[in-house]
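A.B. asks: Could you look at this predicted model? Sequence included:
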Amino acid sequence: DVKVTQSSRYLVKRTGEKVFLECVQDMDHENMFWYRQDPGLGLRLIYFSYDVKMKEKGDIPEGYSVSREKKERFSLILESASTNQTSMYLCASSSFVSNTEAFFGQGTRLTVV
Amino acid sequence: QKEVEQNSGPLSVPEGAIASLNCTYSDRVSQSFFWYRQYSGKSPELIMSIYSNGDKEDGRFTAQLNKASQYVSLLIRDSQPSDSATYLCAVNPGGQNFVFGPGTRLSVLP
């Protein structure tokens, strides 16, 4: 069964903290994505990666960075968390070769206080 | 700017009725189309994918694609209260990324 796993379901962090959100997929997918989802704004792409050590900015990369050192793992980093980064964060992966659907992790609800 | 548009809803239908969800997209070269269901507080899960013009049926769900009109729809027959969720239309415009619509909230009334 395909699986995308995010390291935390809920996180509470303080303003200014450095925050790491981890995502692991077991489908040998080339593509991995980080989205945030806010009420009324839909899914917004933060970063995506199509290969190890490769990354591309999405629509809202400001305040975020990413790391992809291994094919199965894609990390989202909030360098200095702010309250406006309180959101649901969703990781997804997809196959480069077959160009099929994106599979989502369970999501991380991050609250920055 | 590649865009995917959906009516935000809420779309309310009585139990047992057909729910019709619509989506239009701007990038004419798009090749892959997906419908996701998302329950409140949960992550999106794939319901249907469609790649060629026409209808594709899976149980109570039918996806319809018309590339000439840049239109994709999802029909849910015999709607159940458990179908109440937000439905996201997603398009792969040919690259490695996905463009998601804002979602349509469906409410099935018992």
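C.D. replies: Looks like it arrived, so ask away. Predicted, not measured: the structure shown is a model, and the values here were computed from it.

A.B. asks: B:Leu74 belongs to a helix, doesn't it?
C.D. replies: No. Counting by DSSP: H, G, I helix; E, B strand; the rest coil, one finds B:Leu74 to be strand, located in no helix.

A.B. asks: My read is that it contacts B:Phe33, right?
C.D. replies: No. The criterion here is CB atoms under 8 Å, and B:Leu74 misses it with B:Phe33 at 10.0 Å. The C-beta positions use only the backbone N, C-alpha and C, and glycine is treated the same way.

A.B. asks: how about the residues of chain B near chain A?
C.D. replies: Contacts of chain B with chain A, taken as CB under 8 Å from any CB of the partner chain, map to B:31-32, B:34, B:41-46, B:49, B:88, B:90, B:92, B:96-98, B:100-103.

A.B. asks: Can you list which of those are found in strands?
C.D. replies: B:Ser32, B:Phe34, B:Glu45, B:Leu46, B:Ser49, B:Leu88, B:Ala90, B:Asn92, B:Phe100 (DSSP state E).

A.B. asks: Most neighbours among the residues you listed, which one?
C.D. replies: B:Leu88 (27 neighbours; other CB atoms under 10 Å in any protein chain shown).

A.B. asks: ok, the residue lying closest to B:Ala19 once chain neighbours are set aside - contacts?
C.D. replies: Distances taken as CB to CB, 6 or more residues apart in numbering or on different chains place B:Ile76 nearest to B:Ala19, at 4.2 Å, with adjacent residues excluded. Going by CB atoms under 8 Å, 6 or more residues apart in numbering or on different chains, B:Ile76 touches B:Ile18, B:Ala19, B:Ser20, B:Leu21, B:Arg60, B:Phe61, B:Asp83, B:Leu106.

A.B. asks: Name the residues linked to B:Ile76 by a beta bridge.
C.D. replies: B:Ala19, B:Phe61 (DSSP bridges).

A.B. asks: For chain A, list the residues in contact with chain B, please.
C.D. replies: With the criterion set to CB under 8 Å from any CB, chain A comes near chain B through A:30-31, A:33, A:41-43, A:45, A:48, A:50, A:58, A:90, A:92, A:94, A:96, A:99-107, A:109.

A.B. asks: Separate out the buried members of these.
C.D. replies: Among those, those scoring as buried are A:30-31, A:33, A:42-43, A:45, A:48, A:50, A:58, A:90, A:92, A:94, A:101-105, A:107 (criterion: 16 or more other CB atoms under 10 Å in any protein chain shown).

A.B. asks: Return the subset of those residues lying in helices.
C.D. replies: Using DSSP state H, no member of these sits in helices.

A.B. asks: Stretch B:16-25: how far from the chain's middle?
C.D. replies: Distance, stretch centre to chain centre, for stretch B:16-25: 7 Å (CA atoms, centre = their mean, to the nearest Å).
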